[in-house]
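Colleague: for reference, the sequence and a predicted model appear below.
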Amino acid sequence: MRRFRLGLAAAVAGAAWLAPRAATAQGYGVYEHDTCAMGRAGVGVASPCTDGSAIFYNPAGLAAPGLDVRGRQTVSAGVTLIKPRGSFTEGATGEQMHYKDKVYPVPHAFLTSGIGDRFAVGIGLFAPYGLATEWEPTSMARFLGYHSEIQGVYVQPTVAAKVTDWLSLGGGVDFSFVEVQLKQRVDLSHQTAAPGITFGNLGVASGTDFADLDLGGGGNGTGFHLGAIVKVTDRLSFGARYLSQQEVDIDDGEADFSQIPTGLVLAPNNPLGLPAGTPIDAVVAGQFADGAALADQGGTTQLVFPWQFVLGTSFRASDRFTLHFDWQFVNWSAFEELVIEFENAGTRVVPENYEDTNGFRLGGDFAITPGTVVRAGFLKHSAAAPDQTVTPNLPEGARDEFTFGVGHRFGAHLGVDFAYQFIDQQNRQGRTLEPLPGEEPTTALNNGLYTFSAHLIGLTFTYEF
């Protein structure tokens, strides 16, 4: 029964399949990979923390000017706990839905070792792209995605060299390991019952669930990371880093559909020519059979992790106080569309049209005692998602973020860092509606207001030997 084409199911599935979004940063990026850096708003490309997290924040920092690397070895590990809070209010009715009350852990780990007095090597594990959004399966979000998740873990072997007393260079190769998942419902009213006729034309109300979709897949990618630090004086330094773009092929995707009973029947004299009272569930059941449009099937696509560039400076105002400033640019415009090839449902092209983002980070360290440091910071960045793609999968907007942290050393070897971060996002108009088959999303579909905030807590243990 090929005349019953569920193109919308495939298109909407693809729209969110490989673009579930992060809860904490621009687009679906994450920046909280070390508690020391987190306490000062992630700033420090010109003067990274000395716990090994320079592998992410600037690879050159493993052998930074002024850092004694001879025989120095460090291992650090920790986690950032992210508790998002968000809601959507439908403009016409005032109906609300809320994020599920969950906490998401983001781990990090770094191991470094000095070689001679000018070289250092290390390996790091962090997750620069990922996290999830989750709503109730019965919420207004369900037709775009009530569960969206991406886990993009990077493993980065790194080498750094102190080229001169004032210049350090570093770089590494990034190996990414990616898993994605989307769960959503499919609306029967939009589906084609016969040529030129939808089930909505047959009296099926908008928002009638008749299928549940669980999409998942994984893939691997490779990229690189470069950094440099220039020490101008004993008090002033500059730094820059570049993290390359990755295109991760998802070749083992699986789309699993489950039929949801509607209990509806066809009216008399219906255009399908079927007897009155015929169960609609029986009419659509064939689409869940092997080889049909809603059968369990495979799929492939490609996920973009955009390149990013950070430029910054660090100024040691006194022996106890250091001030840092970074500017971060992320090439989110590389994420223009998703091309998804389904085994049974054909190929779908889903426009995303992301926009490049800029972030500004200001932070500082103040040594209360030789072994205790307090940190604070502020950051501000723009949004990656354009107005027409603010959805339950990415209810993202421009953000102001505030951070505080403290670090303490217990003797010559062990250090502990704690940090807190609050995200305050601007309210933003968005949608819970899906476009009709063949149509692109526009702001005309925006039907309500998204709010978002989050609390983050980080803890990292470092051992130097």
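Modeller: On my side now, so go ahead.
Colleague: when you work out contacts or count neighbours from here on, use the C-alpha atoms and nothing else.
Modeller: Fine.
Colleague: mean confidence score for the helix or strand hosting residue 220?
Modeller: In the assignment (DSSP states H and E), residue 220 maps to strand 209-231. For strand 209-231, mean pLDDT is 95.
Colleague: packing partners of that strand?
Modeller: Packing contacts for strand 209-231, counted by 3 or more C-alpha pairs under 8 Å, 6 or more residues apart in numbering; DSSP states H and E, involve helix 7-17, strand 167-187, strand 236-243, strand 246-259.
Colleague: if you set the cut-off to 7 Å instead, what comes out?
Modeller: Secondary-structure packing of strand 209-231 (3 or more C-alpha pairs under 7 Å, 6 or more residues apart in numbering; DSSP states H and E): strand 167-187, strand 236-243, strand 246-259.
Colleague: quick check: mean pLDDT across the shortest one?
Modeller: Mean per-residue pLDDT for strand 236-243: 98.
Colleague: give the pairing partners of that strand; include direction for each.
Modeller: Strand 236-243 has the following strand partners under DSSP bridges: strand 209-231 (antiparallel), strand 308-316 (antiparallel).
Colleague: please apply the same query to the longest one.
Modeller: Strand 167-187 has its sheet partners listed here by DSSP bridges as strand 147-162 (antiparallel), strand 209-231 (antiparallel).
Colleague: I'd say residue 454 and residue 420 touch.
Modeller: No: with contact defined as C-alpha atoms under 7 Å, residue 454 does not count as touching residue 420 (10.7 Å).
Colleague: those two - which one has more neighbours?
Modeller: residue 420 (22 against 17; other C-alpha atoms under 10 Å).
Colleague: which of the strands paired with strand 236-243 sits closest to residue 459?
Modeller: Closest to residue 459 of the strands paired with strand 236-243, according to C-alpha to C-alpha: strand 308-316, at 23.8 Å.
Colleague: average model confidence for the closest one?
Modeller: When pLDDT is averaged along strand 308-316, the result is 97.
Colleague: quick one: contacts of it?
Modeller: 44-47, 235-244, 322-331 (C-alpha atoms under 7 Å, 6 or more residues apart in numbering).
Colleague: mind listing the helices for this structure?
Modeller: In the chain, the helices defined using DSSP state H lie at 7-17, 35-39, 54-57, 280-285.
Colleague: centre of the chain to the third one, how far?
Modeller: Put plainly, it is helix 54-57. Between the centre of helix 54-57 and the centre of its chain there are 19 Å (C-alpha atoms, centre = their mean, to the nearest Å).
Colleague: thinking again about what came up before, mean pLDDT for the helices of the chain: which is lowest?
Modeller: Minimum mean pLDDT among the helices of the chain: helix 7-17, a mean of 36.
Colleague: next, the angle from the strand holding residue 220 to strand 246-259.
Modeller: Computed by axes from the mean of the first three to the mean of the last three C-alpha atoms, to 10 degrees, the angle separating strand 209-231 from strand 246-259 equals 160 degrees.
Colleague: could you check how far residue 140 is from residue 264?
Modeller: 21 Å (C-alpha to C-alpha, to the nearest Å).
Colleague: oops, could you answer that again for residue 225 instead?
Modeller: Distance from residue 225 to residue 264, counting by C-alpha to C-alpha: 56 Å.
Colleague: more neighbours: which of those two?
Modeller: The neighbour comparison of residue 225 against residue 264 (other C-alpha under 10 Å) goes to residue 225, with 24 against 15.
Colleague: re earlier: now, of the contacts of strand 308-316, which are buried?
Modeller: By neighbour count, with 16 or more other C-alpha atoms under 10 Å, the contacts of strand 308-316 hold 44-47, 236-244, 322-331 as buried.
Colleague: who are the contact partners of the residue nearest to residue 30 when sequence neighbours are not counted?
Modeller: Among residues not flanking residue 30 along the chain, residue 128 sits closest, at 4.7 Å (C-alpha to C-alpha, 6 or more residues apart in numbering). For residue 128, the contacting residues are 29-31, 152, by C-alpha under 7 Å, 6+ apart.
Colleague: confidence score at residue 130?
Modeller: With respect to pLDDT, residue 130 has a value of 74.
Colleague: and residue 411, what does it touch?
Modeller: Contacts of residue 411 (C-alpha under 7 Å, 6+ apart): none.
Colleague: how about residue 334, what does it touch?
Modeller: Shown in contact with residue 334 (C-alpha under 7 Å, 6+ apart): residue 306.
Colleague: try 8 Å this time
Modeller: 304, 306, 354 (C-alpha atoms under 8 Å, 6 or more residues apart in numbering).
Colleague: next: residue 326.
Modeller: Residues near residue 326 by C-alpha under 8 Å, 6+ apart: 43-45, 310-313, 360-362.
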